[in-house]
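> Next one to model:
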Amino acid sequence: MAWKVTVDTDKCIGCGECVDVCPVEVYELQDGKATPVNEEECLGCESCVEVCEQSAITVEEV
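Now for the predicted structure:
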């Protein structure tokens, strides 16, 4: 199963919560924003979606 991870950079404040909560290190902070750098590792657990107070992250099955 594959997952598409999207970060709305207009909403992202770079808090790093998604980086901390992701069990497979999908995200890195780059230029003050969360950036999916290992999207192929995503498990679809949506922990990042739940922890993002800005609602900047979506995870969709592809």
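> Tell me which stretches of the chain form helices.
When secondary structure is read from DSSP state H, the chain shows helices at 17-21, 47-51.
> Just the mean pLDDT for the last one, thanks.
Confidence for helix 47-51, expressed as mean pLDDT, is 98.
> thinking again about what came up before, I'd like the helices of the chain as CSV, with mean neighbour count and distance to Pro36 appended.
(Each C-beta comes from the backbone N, C-alpha and C, glycine too.) Rendered in CSV, the data for these read as follows (neighbours: other Cβ atoms under 10 Å; distance: least, Cβ to Cβ, whole Å):
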stretch, mean neighbour count, distance to Pro36
helix 17-21, 17, 9
helix 47-51, 17, 9
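> Dump these to CSV, plus distance to Lys11.
CSV is the format used below for the helices of the chain (distance: least, Cβ to Cβ, whole Å):
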stretch, distance to Lys11
helix 17-21, 12
helix 47-51, 12
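> Please identify which of the ones you listed is closest to Thr6.
helix 47-51 (10.3 Å; Cβ to Cβ).
> Please list all residues in contact with Cys45.
The neighbours of Cys45, taking Cβ atoms under 8 Å, 6 or more residues apart in numbering as the test, are Pro23.
> Roughly how far does it sit from Gly14?
22 Å (Cβ to Cβ, to the nearest Å).
> before we move on, the earlier item: select, out of the helices of the chain, the one closest to Thr35.
Taking Cβ to Cβ as the criterion, Thr35 comes closest to helix 17-21 out of these, the separation being 9.5 Å.
> roughly how far out does the closest one sit from the chain middle?
Centre-to-centre, helix 17-21 and its host chain are 8 Å apart (Cα atoms, centre = their mean, to the nearest Å).
> now it: mean pLDDT?
Taken as a whole, helix 17-21 has a mean pLDDT of 98.
> Dump it to PDB, keeping only the CA atoms.
Taking Å, rounded to 0.1, in the frame of the first residue of the first chain, the C-alpha atoms of helix 17-21 are listed here in PDB:
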ATOM      1  CA  GLU A  17       5.600  17.900  15.900                       C
ATOM      2  CA  CYS A  18       5.100  15.700  12.800                       C
ATOM      3  CA  VAL A  19       8.900  15.100  12.800                       C
ATOM      4  CA  ASP A  20       8.800  14.000  16.400                       C
ATOM      5  CA  VAL A  21       5.800  11.800  16.200                       C
END
